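Q: pasting the sequence and the predicted coordinates here, then a few questions.
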Amino acid sequence: MTKILVTGGKGQLGQSFQSITSQYENIEAIFTDVEELDICNIENITEYLTNTDIKYIINCAAYTAVDKAETDQTASTRLNATAVKNIGKAAKEHGIKVIHISTDYVFDGNSHKPYNESDYAVPASFYGQTKLLGEKYLMEEQPDSIIIRTAWLYSEFGNNFVKTMIKLGNERDELRVVADQIGSPTYAVDLAESILDIISKIENNSVKFVAGIYHYSNEGVCSWYDFTINIHQMMGIECRVMPIESKEYPTAAPRPYYSVLNKTKIKTTYKLNVPYWRISLENCLRKLAVKN
Ligand SMILES: NC(=O)c1ccc[n+]([C@@H]2O[C@H](COP(=O)([O-])OP(=O)(O)OC[C@H]3O[C@@H](n4cnc5c(N)ncnc54)[C@H](OP(=O)(O)O)[C@@H]3O)[C@@H](O)[C@H]2O)c1
């Protein structure tokens, strides 16, 4: 049995893990959130890890309020950078490998081709800066780490774009949605499943643990506008969706225009099949329909 610790267990990705871990007979997962384990507190982490046989920490805890981070710089840096350093340090001391989640926002989004892991990262937002610093700190403290940058996360859990568009689509006759930002939606349950598959494969020796940075999203690309049209069509929501430019929807933190991630490295290293985004969206909407 391989024991894993999932921090930020009550967040969107954490809950996605919770929904599927029982399918993995050889993995025993412990879930913590800030009440049980505050990752900003190094003593707390070290104490928690003492006398446990945890083999992997999956860090899903983060400061994810992208616009608020522009002004709440101390708190966002503490959670996205310093706390990740804490995890790395404590994990190294206890011989634990770390799988940490990062973001497409480490890139400025000015590219026209999918970003590779080795591409120079220049974040346009403060949130992106904190996440990039977290990546650096983690690799310095615990080189036996896997960092997975993902993008446009949604699921049946927590607050996310899909749930917001369903709500607004049901409430309004017309919606204006940004059409000049291109990316790849990522169903958080697919990401959780891929990470658990990676751990299972490492543990049964069918692949090797290869530390480093990886990119993961669902296959295919779309704009937020296309994404909304698909959500509404699949849900049978009748709402006029109007495409707008980013400048018509100003936000405190700039958003990348193009944040498509190249996934070749994670797919080949860990022998993963990644679903197309529309198929995963259908899966999520089916679960949401059952839930409501
Ligand atoms: N959401 C996206 O679209 C997106 C896109 C790309 C990458 N990512 C990355 O994916 C990861 C997961 O995102 P998510 O959407 O699941 O985030 P989330 O829903 O905001 O979850 C983060 C969790 O961390 C918890 N947390 C806050 N402070 C903590 C502390 N000091 N110690 C322990 N836990 C703490 C939060 O609790 P509270 O709610 O009580 O604060 C929350 O439950 C993050 O690393 C994020 O940067 C997300």
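A: Nice, I can see it.

Q: residues near F161, how many?
A: Residues within reach of F161, counting by other Cβ atoms under 10 Å, total 16. Glycine gets a C-beta too; all of them are placed from N, C-alpha and C.

Q: so what pLDDT did it get?
A: F161 is assigned 97 on the pLDDT scale.

Q: how about the residues of the stretch 1-150 of the chain by the ligand?
A: Residues of the stretch 1-150 of the chain lying close to the ligand by Cβ under 6 Å from any ligand atom are 7-8, 10-13, 33-34, 38-40, 60-62, 64, 79, 101, 103, 131, 150.

Q: show me which of those are buried.
A: Buried residues within those, counting neighbours by 16 or more other Cβ atoms under 10 Å: 7-8, 10-13, 33-34, 38-39, 60-62, 64, 79, 101, 103, 131, 150.

Q: which ones among the residues of the stretch 1-150 of the chain next to the ligand map onto helices?
A: When DSSP state H is applied, these are split such that Q12, L13, K131 fall in helices.

Q: now do the SS call for A29.
A: Look at A29: counting by DSSP: H, G, I helix; E, B strand; the rest coil, its state is strand.

Q: could you number the chain from 22 rather than 1 from now on?
A: Okay, residue one is now 22; in that scheme the one you just asked about reads as A50.

Q: can you report how many residues neighbour it?
A: What A50 shows, counting by other Cβ under 10 Å, is a neighbour count of 21.

Q: OK, contacts around it?
A: By Cβ atoms under 8 Å, 6 or more residues apart in numbering, the residues touching A50 are K24, I25, L26, V27, F38, Q39, T42.

Q: can I get the buried part of those as one PyMOL selection?
A: A single PyMOL command is used to select the members of the contacts of A50 judged buried by 16+ other Cβ under 10 Å:
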select buried, resi 25+26+27+38+39+42
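
Q: quick check: closest non-adjacent residue to S40.
A: Nearest non-adjacent residue to S40, counting by Cβ to Cβ, 6 or more residues apart in numbering: V210, 6.4 Å away.

Q: what is the burial count for R261?
A: 11.

Q: just the one 3 residues further on next, same as before
A: Residue crowding around P264 was assessed by other Cβ under 10 Å; the count is 16.

Q: need the pLDDT of K312.
A: At K312, pLDDT is 68.

Q: now this structure against the ligand: closest residue?
A: Per Cβ to the nearest ligand atom, G32 is where the chain lies closest to the ligand, at 2.0 Å.

Q: which one is that residue nearest to, not counting chain neighbours?
A: C81 (5.6 Å).

Q: just H236 next, same as before
A: Excluding the flanking residues, the one nearest H236 by Cβ to Cβ, 6+ apart is L282, at 3.7 Å.

Q: what are the ranges of the strands in this protein?
A: 23-28, 48-52, 75-80, 118-124, 166-171, 174-175, 195-199, 203-204, 207-208, 233-236, 243-244, 261-265 (DSSP state E).

Q: dump these to JSON lines, plus mean pLDDT.
A: Putting those into JSON lines (pLDDT from 0 to 100) gives the following:
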{"stretch": "strand 23-28", "mean pLDDT": "98"}
{"stretch": "strand 48-52", "mean pLDDT": "97"}
{"stretch": "strand 75-80", "mean pLDDT": "98"}
{"stretch": "strand 118-124", "mean pLDDT": "98"}
{"stretch": "strand 166-171", "mean pLDDT": "98"}
{"stretch": "strand 174-175", "mean pLDDT": "98"}
{"stretch": "strand 195-199", "mean pLDDT": "97"}
{"stretch": "strand 203-204", "mean pLDDT": "98"}
{"stretch": "strand 207-208", "mean pLDDT": "98"}
{"stretch": "strand 233-236", "mean pLDDT": "98"}
{"stretch": "strand 243-244", "mean pLDDT": "98"}
{"stretch": "strand 261-265", "mean pLDDT": "98"}
